[in-house]
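Q: Quick one: sequence plus predicted model below, questions after.
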Amino acid sequence: MKESSKGFIKKGVLISVGLVTVFLVIFSIYLYRAFNMPNYPDGPNIVVTIPKGSSFGHIADLLYQSDIIESRFRFYLVGRMLGWEEQIQSGMFEVPAGKTNYDLLKDLKFGRLRMVFDVTIFEGIDTRRMAGILRRRMGLDSIKIVTLVHDSLFAAQHGITTGSLKGYLLPDRYRFFGDYTEDDVLRIMINEFKNFYSDSLQRRTQQLGLTVNEVLTMASVVEGETTLDSEKPTVAGLYYNRIRRRMPLQADATVQYALSDEPPRRLLYRDYRVQSPYNTYLFRGLPPGPINYPGRRAILAALYPEEHNYLYMVTDGTGGHTFTETYSDHQRAVRRFRQFRAEQEQLRAREAEQLRQPANEDRN
């Protein structure tokens with residue numbers, strides 16, 4: 001009886017060990033598949049946005065509902081076993097097909113799949129064009145961007161008391177994450193400006209007896225008048241000379257700004273009579289505020305203008321300008337430019353005629 005009882009116990013132990021072994025083998029296979037089996041090996045990349053503050057369970061739901069993972073439970077199990085459930089980054093992610101749960105979790109933890117947009121904001125750009133670039137590159141709301149730029153409360157939150165962000169968003173090449181909002185993008189651009197406009201530039205502003213807004217306004221006029229960095233200190237010095245002599249700036253860029261409802265074009269005589277405080281042909285001194293977003297070189301030119309006696313400038317037709325000290329010299333420079341422009345127009349007309357002649361000869 002004792003021997004049969006021992007045999008029964010031994011048999012029970014062997015069965016239990018066998019069951020445990022089978023369970024461990026099955027569980028090991030399950031874990032291996034949970035860690036290493038690809039999710040949906042075929043298919044296009046899928047974009048998913050993980051909001052800030054999302055719980056790990058919510059992230060698993062998002063990925064499952066987006067057809068990125070085949071099993072919410074397996075993904076959740078792997079994340080908990082790795083201890084990464086609190087380390088997943090928020091953002092917009094572009095996930096390729098065939099990711100294992102382990103690789104996917106690792107990518108989400110380190111942000112490797114996070115979508116990044118390279119956006120270039122050019123010097124001298126206006127608000128609407130900037131908003132259009134951000135809409136096309138990132139899908140942001142251009143109307144909201146324009147509204148925020150002119151929102152005095154939003155500006156004040158960032159320490160700007162002029163009532164607008166105009167001039168305070170520094171043109172540059174930026175890398176924005178895909179989940180950035182309009183507020184986020186503008187905040188980053190404001191901070192870039194603040195980092196550039198350092199303590200030494202603040203001191204220089206005080207030495208000149210100007211406000212930051214006046215410096216940016218001058219810089220924006222300079223930016224609007226020349227694209228050549230080498231000319232910007234010269235142009236800034238010219239306009240400071242005119243202000244000291246109580247002469248109107250007579251900057252065409254300010255007239256273009258006053259006509260902002262119209263596309264850029266060659267100015268006509270009637271345009272110079274447009275009633276606007278930004279028309280520096282009618283009103284002396286600087287306009288009320290920046291007319292565009294000046295870049296670093298234009299801002300530095302406004303702070304460190306070239307010292308000279310120039311009072312007049314006119315385009316030379318080749319991308320630069322002719323600078324003069326007297327009105328008579330300026331008039332001569334204007335006549336040279338007009339002659340140059342007329343010659344160029346005649347040349348273009350002859351070239352167009354030559355292009356038409358072969359087509360006429362073929363028809364004959």
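A: Okay, I see it.

Q: Break this protein into its domains for me.
A: 20-110, 116-196, 199-310 (automatic domain parsing).

Q: what is the rounded mean pLDDT of stretch 160-167?
A: Stretch 160-167 carries an average pLDDT of 95.

Q: how about that stretch as PDB, C-alpha atoms only?
A: The C-alpha coordinates for stretch 160-167 follow below in PDB (Å, rounded to 0.1, in the frame of the first residue of the first chain):
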ATOM      1  CA  ILE A 160       7.100  91.300 -26.200                       C
ATOM      2  CA  THR A 161       5.100  94.400 -25.400                       C
ATOM      3  CA  THR A 162       4.700  96.000 -28.900                       C
ATOM      4  CA  GLY A 163       1.400  94.200 -29.500                       C
ATOM      5  CA  SER A 164       2.700  92.000 -32.300                       C
ATOM      6  CA  LEU A 165       5.400  89.400 -33.000                       C
ATOM      7  CA  LYS A 166       6.200  91.200 -36.300                       C
ATOM      8  CA  GLY A 167      10.000  91.300 -36.500                       C
END
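
Q: And that stretch, what's buried?
A: Of the residues in stretch 160-167, 160, 162, 164, 165, 166, 167 count as buried by neighbour count, 16 or more other CB atoms under 10 Å. Just so you know, the C-beta spots here come from the backbone N, C-alpha and C atoms, and that holds for glycine as well.

Q: contact partners of that stretch?
A: 127, 148-150, 152, 154-155, 158, 168, 186, 190, 213, 216-217, 219-220, 289-290, 292-294 (CB atoms under 8 Å, 6 or more residues apart in numbering).

Q: where among the domains of the chain is the average confidence lowest?
A: Among those, domain 20-110 scores lowest, with a mean of 89.

Q: Residue 186 belongs to a strand?
A: No - counting by DSSP: H, G, I helix; E, B strand; the rest coil, residue 186 is not part of a strand but helix.

Q: That one: neighbouring residues, count only.
A: 25 (other CB atoms under 10 Å).

Q: what do you get for the one 3 residues further on?
A: Under the neighbour criterion other CB under 10 Å, residue 189 is assigned a count of 22.

Q: just residue 293 next, same as before
A: 29.

Q: and it, what does it touch?
A: If you count contacts by CB under 8 Å, 6+ apart, then residue 293 has 121, 123-127, 130, 166-167, 169-171, 220, 223 around it.

Q: where along the protein do the strands fall?
A: Per DSSP state E, the chain carries strands over the ranges 46-50, 91-95, 116-120, 173-177, 312-315, 321-324.

Q: Can I get those in JSON lines including distance to residue 342 and mean neighbour count?
A: Shown next, in JSON lines, are these (distance: least, CB to CB, whole Å; neighbours: other CB atoms under 10 Å):
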{"stretch": "strand 46-50", "distance to residue 342": "55", "mean neighbour count": "16"}
{"stretch": "strand 91-95", "distance to residue 342": "54", "mean neighbour count": "20"}
{"stretch": "strand 116-120", "distance to residue 342": "36", "mean neighbour count": "14"}
{"stretch": "strand 173-177", "distance to residue 342": "40", "mean neighbour count": "15"}
{"stretch": "strand 312-315", "distance to residue 342": "14", "mean neighbour count": "20"}
{"stretch": "strand 321-324", "distance to residue 342": "17", "mean neighbour count": "20"}
